[in-house]
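J.: Sequence plus predicted model, see below.
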Amino acid sequence: MLSTILEQSVNGIVTGSVYAIVAVGMTMIFGVLRAINFAHGEYYMLGTFGAWFAIDHLGLSYEASIVVGVLATIAVAYVVGQLVMRRMVGAPAESGVLATLGIALILQNTIILVFGGGYKFFAGGYIEPVSILGFSLAQQRILILVVCLLVFIGLELMVSYTRLGMAMRAVSQNVECCSVVGIDVPQVVLRTFMLGAALAALSGVLTAPVNVSVYGGMGELITFKTLPIIIMGGLGNVRGTFVAAMILGVAESLVATYVGLQFRDTVGFATLILMLMWRPHGLFSTQARF
């Protein structure tokens with residue numbers, strides 16, 4: 001029994017790593033914009049479809065498809081950011097909800113219109129198993145763990161030592177003062193939004209070989225999985241988001257094993273309800289943004 005718990009905990013950490021890469025982009029966007037991006041999961045979907053198209057139609061390798069998927073998503077995010085997200089600075093919260101929900105519908109239905117609504121087989125990735133300390137893990141899952149660690153280390157360095165990172169921290173604390181001292185707030189929002197979309201796309205491409213298939217509505221579930229994570233971790237709190245993603249990933253894995261696979265997705269929604277009732281500001285201080 002102990003070995004089963006350990007094995008499922010490892011699988012949960014892998015799942016949590018996927019959630020963490022997606023959720024950190026959403027929480028960073030909230031940090032600078034004070035609005036939840038309900039279209040965030042669609043960039044996960046766009047990255048996955050970009051990689052699938054590169055492999056299935058262009059004949060590229062999986063490594064090249066990662067670049068194609070992420071770059072295609074960044075291009076879409078740039079257009080959306082210029083047309084919509086920059087204009088949301090200082091706008092009421094209701095505007096952000098309506099705008100991002102509308103973007104989600106547009107992106108999802110565009111993909112379904114172009115590629116169809118059925119499931120597509122994703123042929124890339126490293127699916128060969130590797131035995132580590134008695135546990136058997138696919139190489140792709142190990143890659144997800146490594147990339148997750150590199151992403152968060154990179155974000156820590158970026159936020160602490162780059163001009164964009166310091167501008168993001170400043171905007172997350174006081175938008176009005178940033179405008180007064182000459183920081184281009186809309187540009188900071190745009191770049192943060194593009195970074196968040198790129199991370200979501202990267203997560204999608206990394207997860208596609210594990211999920212095996214891609215489909216037009218896959219972004220919705222990711223968005224709803226991400227919401228309880230960023231709320232549990234504290235809106236705008238990058239480190240808290242990482243811990244919350246790991247907690248949710250392990251909890252889902254254990255529930256699927258010992259309660260039933262059909263109850264796995266309810267863990268996130270139950271967590272969301274409990275957090276909103278008990279501690280809506282999250283388990284970690286919202287003052288520790290970025």
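T.: That came through, no problem. All values derive from a computational prediction rather than experimental measurement.
J.: Is Ser136 located within a helix, as I assumed?
T.: No. Ser136: not assigned to a helix; according to DSSP: H, G, I helix; E, B strand; the rest coil it is strand.
J.: thinking it is in contact with Asn11, fair?
T.: No. Using Cβ atoms under 8 Å as the test, Ser136 is too far from Asn11 to be in contact (10.6 Å). C-beta: built from backbone N, CA, C; applies to glycine.
J.: Comparing the two, which shows the higher neighbour count?
T.: For Ser136 versus Asn11, neighbours defined as other Cβ atoms under 10 Å are more numerous around Asn11 (20 against 11).
J.: That one in helix, strand or coil?
T.: Going by three-state DSSP, the state assigned to Asn11 is helix.
J.: Check the gap between it and Gly268 for me.
T.: Plainly put, Asn11 is 16 Å away from Gly268 if you go by Cβ to Cβ, to the nearest Å.
J.: Ok, His281 next?
T.: 18 Å.
J.: Which of these two has more residues huddled nearby?
T.: Each of His281 and Gly268 has its neighbours counted (other Cβ under 10 Å); Gly268 has more, 21 against 13.
J.: what's near enough to touch that one?
T.: Taking Cβ atoms under 8 Å, 6 or more residues apart in numbering, we find Gly268 in contact with 224-225, 227-229, 248, 252.
J.: Check Leu206 too.
T.: Taking Cβ under 8 Å, 6+ apart, one finds 18, 21, 66, 140, 143-144, 147 in contact with Leu206.
J.: Can you mark which positions in whatever helix or strand it lives in are buried?
T.: Element membership for Leu206 (DSSP states H and E) is helix 185-211. Of all the residues in helix 185-211, those buried under the rule 16 or more other Cβ atoms under 10 Å are 185-186, 188-210.
J.: next structured bit after it?
T.: Assignment by DSSP H and E places the next element after helix 185-211 at strand 213-214.
J.: and that following strand, which strands flank it?
T.: When pairing is defined by DSSP bridges, strand 213-214 lines up against strand 120-121 (antiparallel).
J.: Which parts of this structure are helices?
T.: Ranges of helices in the chain, per DSSP state H, are 2-33, 40-56, 62-83, 93-115, 139-161, 163-173, 175-180, 185-211, 218-233, 238-258, 266-278.
J.: picking that back up, of the contacts of Leu206, which one scores lowest on pLDDT?
T.: Lowest in pLDDT among the contacts of Leu206 is Gln140, which has 90.
J.: Tell me how many other residues surround that residue.
T.: Residues lying near Gln140 (other Cβ under 10 Å) number 20.
J.: go on, the one 10 residues further on?
T.: For Leu150, the number of neighbouring residues by other Cβ under 10 Å comes to 10.
J.: one step back: quick one: work out the angle between the helix holding Leu206 and helix 139-161.
T.: Orientation of helix 185-211 against helix 139-161 (axes from the mean of the first three to the mean of the last three Cα atoms, to 10 degrees) gives an angle of 170 degrees.
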